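A.B. asks: Predicted model and sequence follow; I will ask about them next.
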Amino acid sequence: MEITFNSATARVPSLPITKSDGRDRSPSSLSFVPRNGFVHLSSSPTRFRINKNSLFKVLSAEKNHVQVVEGSGVDDIYDALVRRILPLPSVSLNPNYKFFVGLAGPPGAGKSTIAHEVARRINKLWPEKASSFDSQVQPPDVAVVIPMDGFHLYRSELDAMKNPEEAHARRGAPWTFNPTRLLMCLKNLRVHGSVYVPSFDHGVGDPVEDDIFVNLQHKIIIIEGNYLLLEDGVWKEISSLFDEKWFVDIDIDKAMQRVLKRHISTGKPRDIAKQRIENNDRLNAELIMKSKRNADIIIKSVDF
């Protein structure tokens, strides 16, 4: 595939478009047709101005098919992702409907930023999409974010492991989480429509129980975390629950630079932070990158 932004030519492979549940859900169906210096989304009148110094790329991948779109600003990436979800006719028709988006990627990729901004924009746009709301009544939020960080093992649980020193040093690895609890949480949400989930207090270093309430009015649930697209054990069961799977792609060195700044900002000395990155964070990131092949949508990370 070739896209040339400093001339009038652009070549993008033509991919089939399939429909499901009244909307486009095929990973390969983000079809962008370049015309007259713009990239046009074939199913939408929205236009993105071409800029060879553009800030982001959105990739949609299925098998060997990949499409690339570049735009003039970071807002376009959010618009493209929101369009993947809205409008959802089934949301309005079914009061018990839940749509799960699994958003994965390595540390430092920007998962949390993307998840919360997409949710914010959906909540802002929802009144325009749901005509049943009284214009004088502020509708409830329909999108909410569940962070996988809330399912970290407690420090006391790490202390009880066979090698607690290694457990604390490798905190953030898959085996320092409780995926079974996350799986049960998501299953309960499907069945009952509401659930309390934990968040994570980075200052304390432990989960905060029942800190997030996902209620019956929440229709779009964005679950964000490192290992959501892994293919083994309980993680694979978790991944099977998602209606869509998104992966935030980033160069590992760039991601580790962001993680280094994060460690230093929490008070770690630079040399200790670098050791943690090389002995833990980078190892985890390399594992996470292998799960990219399981995504419906691959989003190139951007500088927010």
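C.D. replies: Arrived safely. Numbering: from 1, shown residues only.

A.B. asks: Would you mark the buried spots in the longest helix seen in the chain?
C.D. replies: Counting by DSSP state H, the longest helix found in the chain is helix 111-129. Across helix 111-129, burial judged by 16 or more other CB atoms under 10 Å covers 111, 114-119, 121-123, 125-126. In this view, the C-beta of every residue, glycine as well, is placed from N, C-alpha and C.

A.B. asks: Which one of those is nearest to Glu278?
C.D. replies: In terms of CB to CB, no member of these lies closer to Glu278 than Lys111, at 21.8 Å.

A.B. asks: State the pLDDT value of the closest one.
C.D. replies: The per-residue pLDDT reported for Lys111 equals 94.

A.B. asks: what about Arg181, is that helix, strand or coil?
C.D. replies: Of the three states, Arg181 takes helix under DSSP: H, G, I helix; E, B strand; the rest coil.

A.B. asks: What sits closest to it if chain neighbours are left out?
C.D. replies: Counting by CB to CB, 6 or more residues apart in numbering, Phe151 is the residue found nearest to Arg181 once chain neighbours are left out, at 5.6 Å.

A.B. asks: still on that earlier bit, so which of the buried residues of helix 111-129 sits lowest on pLDDT?
C.D. replies: Trp126 (83).

A.B. asks: Hmm, Trp246 is touching Ala295, no?
C.D. replies: Yes - in this structure, Trp246 is within contact of Ala295 by CB atoms under 8 Å, at 6.1 Å.

A.B. asks: Identify the contacts common to those two.
C.D. replies: Ala104 (CB atoms under 8 Å, 6 or more residues apart in numbering).

A.B. asks: how about the buried residues of helix 111-129 in JSON lines, adding distance to Glu278?
C.D. replies: Formatted as JSON lines, the buried residues of helix 111-129 follow (distance: CB to CB, whole Å):
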{"residue": "Lys111", "distance to Glu278": "22"}
{"residue": "Ile114", "distance to Glu278": "26"}
{"residue": "Ala115", "distance to Glu278": "28"}
{"residue": "His116", "distance to Glu278": "29"}
{"residue": "Glu117", "distance to Glu278": "31"}
{"residue": "Val118", "distance to Glu278": "32"}
{"residue": "Ala119", "distance to Glu278": "34"}
{"residue": "Arg121", "distance to Glu278": "37"}
{"residue": "Ile122", "distance to Glu278": "38"}
{"residue": "Asn123", "distance to Glu278": "40"}
{"residue": "Leu125", "distance to Glu278": "43"}
{"residue": "Trp126", "distance to Glu278": "44"}
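
A.B. asks: ok, back up a step: immediately after the longest helix of the chain, which helix or strand?
C.D. replies: strand 143-147 (DSSP states H and E).

A.B. asks: now what about that following strand, what contacts it?
C.D. replies: 112, 115-116, 118-120, 122-123, 126, 185, 197, 199-200, 212, 214, 218-225.

A.B. asks: on that earlier part again, neighbours around the residue nearest to Arg181, how many?
C.D. replies: 21 (other CB atoms under 10 Å).

A.B. asks: how close does it get to Val191?
C.D. replies: 19 Å (CB to CB, to the nearest Å).

A.B. asks: same question, Lys236
C.D. replies: Note on Lys236: its distance to Val191, by CB to CB, is 20 Å.

A.B. asks: Settle it for me: which of those two has more neighbours?
C.D. replies: For the pair Lys236 and Val191, the greater number of neighbours falls to Lys236 (13 against 10), based on other CB under 10 Å.

A.B. asks: so what does the host helix or strand of that one touch, helix or strand wise?
C.D. replies: Element membership for Lys236, per DSSP H and E: helix 233-239. Counting contacts by 3 or more CB pairs under 8 Å, 6 or more residues apart in numbering; DSSP states H and E, helix 233-239 packs against helix 179-192.

A.B. asks: just checking, next helix/strand downstream of the helix it packs on?
C.D. replies: strand 195-201.

A.B. asks: just checking, next helix/strand downstream of that following strand?
C.D. replies: strand 206-214.

A.B. asks: For that next one, list every residue counted as buried.
C.D. replies: Residues 206-207, 214 are the ones in strand 206-214 that count as buried (16+ other CB under 10 Å).

A.B. asks: what's it in contact with?
C.D. replies: 144, 146, 149-152, 154-155, 189, 194-201, 221.

A.B. asks: Buried residues in the helix holding Lys236, which are they?
C.D. replies: 234-235, 238-239.

A.B. asks: now swap in stretch 223-231 and tell me
C.D. replies: 223-230.

A.B. asks: Ends of that stretch, what's the gap?
C.D. replies: This stretch, stretch 223-231, spans 17 Å end to end (CA to CA, to the nearest Å).
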